[in-house]
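Peer 1: build me a model from this:
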Amino acid sequence: MSLPRPVEALWTELQSVRAEILGEADGLSQGQADWKPSEKDWSVGEVVHHLILAEVATGKLTTKLTRQAEAAGAAGGFPGDLTAFRPFPAPPAGAAQAPEVVWPELGKPIAELLATMRATRERSRQSIEKLASLDPRPLKFEHFRFGALDLAQWWQLQAHHDEIHLVQIREIKSAPGFPRA
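Peer 2: Just a heads-up that it's a prediction; the model follows:
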């Protein structure tokens, strides 16, 4: 399916940062994937699991909001005058705490996590195609930290979230004591 320009740009951003995450995590041993710089820190495997849970949640939200739009007769196609999405809001000050629904588990097999991450992204393409079939601006849902976000902003958040955790993965891998095999 051909995507409208703003949706294509968003998909490209999502794919780009995901490719970097997979590049950082591919080839890690289970010991490396489970290693944590400290008890309060996450491992690479936990970060990957968290990203999967968050993306699945965004996909479910997409289904919910698009079904509501379709039921209300508001799914009339992507607006031709929408050439760019509203910018994603600046994060509030202070550290973020992930909601329990996206808390990861330690010790999941890294090969399984990476396969699930790839499969999740394939399913997310369907959500992106739904986004490309309607006006995302009126489809809003409250985020615990950012307030009301429209559907496109939820997917922008997914890309931003991946970028944050890409940095975290790189920090874990460069931390003193990270296993080299």
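Peer 1: quick one, longest helix in this protein?
Peer 2: The helix spanning the most residues in the chain, taking DSSP state H as the definition, is helix 44-71.
Peer 1: pLDDT of that helix, averaged?
Peer 2: Averaging the model's pLDDT scores along helix 44-71 yields 96.
Peer 1: which element follows it toward the C-terminus?
Peer 2: Where DSSP states H and E defines the elements, the next helix or strand beyond helix 44-71 is helix 110-131.
Peer 1: run the chain-centre distance for whichever helix or strand comes after that next one.
Peer 2: Counting by DSSP H and E, the element after helix 110-131 in chain order, helix or strand, is strand 140-143. From the chain centre to the centre of strand 140-143 is a distance of 16 Å (CA atoms, centre = their mean, to the nearest Å).
Peer 1: give me the buried positions along strand 140-143.
Peer 2: Of the residues in strand 140-143, those buried by neighbour count under the rule 16 or more other CB atoms under 10 Å are residue 141. Where you see a C-beta, it was placed from the backbone N, CA and C, and this is true even at glycine.
Peer 1: after it, next one along is what?
Peer 2: strand 147-150.
Peer 1: what's in contact with that following strand?
Peer 2: When contacts are defined by CB atoms under 8 Å, 6 or more residues apart in numbering, strand 147-150 is touched by residues 86, 89, 136, 137, 138, 139, 140, 141, 142, 143, 157.
Peer 1: give me the pLDDT for the fourth one.
Peer 2: The one in question is residue 137. According to the predicted model, the pLDDT of residue 137 comes to 94.
Peer 1: same question for the second one.
Peer 2: Per-residue confidence at residue 89 stands at 87 (pLDDT).
Peer 1: make 15 the starting number, not 1.
Peer 2: Fine by me, first position is 15 from now on; the one you just mentioned is residue 103.
Peer 1: what's the pLDDT at the residue nearest to it when sequence neighbours are not counted?
Peer 2: Distances taken as CB to CB, 6 or more residues apart in numbering put residue 160 closest to residue 103, at 5.4 Å, once the chain neighbours are dropped. Among the per-residue scores, residue 160 shows a pLDDT of 92.
Peer 1: so how far is residue 190 from residue 160?
Peer 2: Using CB to CB, to the nearest Å, we find residue 160 at a distance of 34 Å from residue 190.
Peer 1: same check on residue 31?
Peer 2: Relative to residue 190, residue 31 is positioned 26 Å away (criterion: CB to CB).
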